[in-house]
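Novice: Here is the input, now give the coordinates:
(2 chains)
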Amino acid sequence: MTKWILMVLVLGILMGIFFMPASFVDALDTLISAGLMVVLFLVGIGVGRQKGLFSHLRRLGPRILLVPLMAALGSVCGAILAGVLILRMPWYQAGAVGAGFGWYSFVGVELTRHSAYLGTLAFITNITREMAALVLIPLVVKTLGGLEAAGMSGASAMSIALPVISRETDANITIIAFISGMTLALLVPLVVPLIMRWGG
Amino acid sequence: MTILLYIAVLLTGGFISARGFLKPGVEKQADWLLTGSVFALIFMMGIKIGMDEYVLNSFRTIGIQALVLAVSSVAFSIGGVRLVAKYVLRWKEDVQ
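Specialist: Residues are numbered from 1 along each chain as shown, chains lettered A, B, ... in the order given. Got it, this is the predicted structure:
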């Protein structure tokens, strides 16, 4: 699956570079939004088919929220470590980039308010993260587990990464992935400015 | 607002399926449709990236830095969730 996702993604990028007219951009946004709704509806159908799902989730209770919280903590700490030790960046700038959790459109705009360079870095880092997550989900599910794949996907676990997670795992993981993605998406607008305020 | 829409669409699909409004054959077709839709979405996402000059140019200039930050973020996210899955949720015993 990983190689197919990578091939389709690369094919799409090449199509975008060489063949698509600029006027197609608006239609593309509409198509992506509509496609996402169709996919979420189909994922919902898959989840609804599973018996005993909610009793499993009830048994786990609020502990489920530890998945997005640890994914968030890991993402911010990982970015800070790499930023400070490898890239020699200020810790808070690296942390804020990591706190985008894959939501590139938001974090890019938010950090552009501080500097154009930081905003661009955040945008590209988080778009890279989303692409990496999409491509790596099948591999991570197979070698580590579905929850790890959900955490790795960040905020996109509730949108574009969700159908891939759903396809590779089961309804339990799919619903936790959605909750994780949603929690992370809600955290981004809080954590990014907070880190910038601590550092600045 | 977008999040609410996502939740509503997901719940609608779940409700229709859980209430048994779909025939078994249709459910199987839904699986195929999901796989096809996933690839279509990824393809369109690729086109969107390919058409965005700003993104492509930025990849060339700060791509390595972005890659370092992205890889580290992803790796530590996986590590954090692995700790939870192994020691707190006891996923295999509790659910599977």
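Novice: mind checking how far the residue nearest the centre of chain B is from chain A?
Specialist: Using C-alpha atoms, centre = their mean, the residue of chain B that lies closest to the mean C-alpha position is B:Val38, 9.4 Å off. Per C-beta to the nearest C-beta, to the nearest Å, B:Val38 is found 4 Å from chain A. The C-beta positions use only the backbone N, C-alpha and C, and glycine is treated the same way.
Novice: give me every residue that touches that residue.
Specialist: Counting by C-beta atoms under 8 Å, 6 or more residues apart in numbering or on different chains, B:Val38 touches A:Val39, A:Pro163, A:Val164, A:Arg167.
Novice: one more time with 6 Å
Specialist: A:Pro163, A:Val164 (C-beta atoms under 6 Å, 6 or more residues apart in numbering or on different chains).
Novice: ok, it to A:Leu36 distance?
Specialist: 11 Å (C-beta to C-beta, to the nearest Å).
Novice: before we move on, the earlier item: which strand or helix spans the residue nearest to the centre of chain B?
Specialist: helix B:24-51 (DSSP states H and E).
Novice: By mean pLDDT, which helix or strand of chain A comes out lowest?
Specialist: Within chain A, no helix or strand scores below helix A:53-60, which has a mean of 71 by mean pLDDT, DSSP states H and E.
Novice: Distance from that helix to the middle of the chain?
Specialist: In terms of C-alpha atoms, centre = their mean, to the nearest Å, the centre of helix A:53-60 is set 24 Å apart from its chain centre.
Novice: Send me that helix as CSV with only the CA atoms.
Specialist: C-alpha atoms of helix A:53-60 as CSV (Å, rounded to 0.1, in the frame of the first residue of the first chain):
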residue,chain,number,x,y,z
LEU,A,53,-17.2,-0.7,19.3
PHE,A,54,-18.6,1.7,21.9
SER,A,55,-18.3,-0.8,24.7
HIS,A,56,-14.6,-1.1,23.9
LEU,A,57,-14.2,2.7,23.8
ARG,A,58,-16.1,3.0,27.1
ARG,A,59,-13.8,0.5,28.7
LEU,A,60,-10.8,2.7,27.7
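Novice: Counting by contacts, list what that helix packs against.
Specialist: The contact analysis (3 or more C-beta pairs under 6 Å, 6 or more residues apart in numbering or on different chains; DSSP states H and E) places helix A:53-60 against no helix or strand.
Novice: Next secondary structure element downstream of it?
Specialist: Trace forward from helix A:53-60 with DSSP H and E and the next one is helix A:66-85.
Novice: Tell me which residue of chain B is furthest from the middle?
Specialist: B:Thr61 (27.7 Å).
Novice: So which elements touch the helix or strand harbouring that one?
Specialist: In the assignment (DSSP H and E), B:Thr61 maps to helix B:53-83. The helices and strands touching helix B:53-83, judged by 3+ C-beta pairs under 6 Å, 6+ apart, are helix A:66-85, helix A:116-143, helix A:146-152.
Novice: ok, back up a step: pLDDT score assigned to the residue farthest from the centre of chain B?
Specialist: Listed pLDDT for B:Thr61 reads 77.
Novice: what's the distance between it and B:Phe43?
Specialist: In terms of C-beta to C-beta, B:Thr61 sits 26 Å off from B:Phe43.
Novice: Kindly report the same for B:Gly50.
Specialist: B:Gly50 is 10 Å from B:Phe43, by C-beta to C-beta.
Novice: To A:Gly48, which of the helices and strands packed on helix B:53-83 lies closest?
Specialist: For A:Gly48, the closest of the helices and strands packed on helix B:53-83 is helix A:146-152, at 18.5 Å, according to C-beta to C-beta.
Novice: any idea how far that closest one is from the chain center?
Specialist: That offset, for helix A:146-152, works out to 10 Å (C-alpha atoms, centre = their mean).
Novice: for chain B, which spans come out with low pLDDT?
Specialist: B:1-3, B:90-96 (pLDDT under 70).
Novice: Go through stretch A:34-45 and flag the buried ones.
Specialist: Neighbour-count burial for stretch A:34-45 flags A:Gly35, A:Leu36, A:Met37, A:Val38, A:Val39, A:Leu40, A:Phe41, A:Leu42, A:Val43, A:Gly44, A:Ile45 (criterion: 16 or more other C-beta atoms under 10 Å in any protein chain shown).
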